[in-house]
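Enquirer: below is the sequence, then the predicted model.
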Amino acid sequence: MSVKPEHYDVIRKPIVTEKTTLASETGAVVFEVAIDSNKPSIKEAVENLFGVKVKAVNTTITKGKAKRFRGMLGKRKDVKKAYVTLEEGNTIDVSTGL
């Protein structure tokens with residue numbers, strides 16, 4: 001398994017919140033991913049970058065909010081999250097960098 005530069009384009013960053021910490025207790029890790037990525041490419045990227053076996057990938061898209069900035073109306077970007085469930089015995093430590 002070789003790490004391709006495209007894998008770093010698919011996986012943007014890990015998301016560390018209270019909800020994702022609770023998900024990590026069941027063997028899931030949450031990443032922000034590229035908006036145009038699909039489940040097979042996310043699975044391949046995680047397996048190659050971290051050297052683990054992936055059991056399942058679930059994705060959600062959060063639509064960006066409309067916000068005001070200095071009186072001008074703007075919009076935050078849409079964010080896609082991937083909930084990656086790992087096989088038994090595999091772990092990823094998201095507190096360390098890639």
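Expert: Yes, it's here.
Enquirer: who's in contact with the residue nearest in space to the middle of the chain?
Expert: With distances taken as Cα atoms, centre = their mean, residue 31 lies nearest the centre of the chain, 1.6 Å away. By Cβ atoms under 8 Å, 6 or more residues apart in numbering, the contact set of residue 31 is 11-15, 42, 46, 81-82, 84. In this view, the C-beta of every residue, glycine as well, is placed from N, C-alpha and C.
Enquirer: which parts of the longest helix along the chain are buried?
Expert: Taking DSSP state H as the criterion, the chain has its longest helix at helix 39-50. Buried residues in helix 39-50, counting neighbours by 16 or more other Cβ atoms under 10 Å, are found at 41-50.
Enquirer: counting by contacts, list what that helix packs against.
Expert: Counting contacts by 3 or more Cβ pairs under 8 Å, 6 or more residues apart in numbering; DSSP states H and E, helix 39-50 packs against helix 5-10, strand 11-14, strand 28-33, strand 54-62, strand 79-86.
Enquirer: name the nearest residue to residue 78, sequence neighbours excluded.
Expert: residue 64 (5.0 Å; Cβ to Cβ, 6 or more residues apart in numbering).
Enquirer: and what about that neighbour, helix, strand or coil?
Expert: Classification of residue 64 using DSSP: H, G, I helix; E, B strand; the rest coil returns coil.
Enquirer: ok, residue 78 to residue 23 distance?
Expert: 21 Å (Cβ to Cβ, to the nearest Å).
Enquirer: may I ask which helix or strand of this protein has the lowest mean pLDDT?
Expert: Using mean pLDDT, DSSP states H and E, helix 5-10 stands out as the lowest-scoring helix or strand of the chain, at a mean of 83.
Enquirer: just how off-centre is that one within its chain?
Expert: Here the centre of helix 5-10 is set off from its chain's centre by 12 Å, with Cα atoms, centre = their mean, to the nearest Å.
Enquirer: okay, residue 78 and residue 23: which has more neighbours?
Expert: For residue 78 versus residue 23, the count of surrounding residues by other Cβ atoms under 10 Å is larger for residue 23: 17 against 10.
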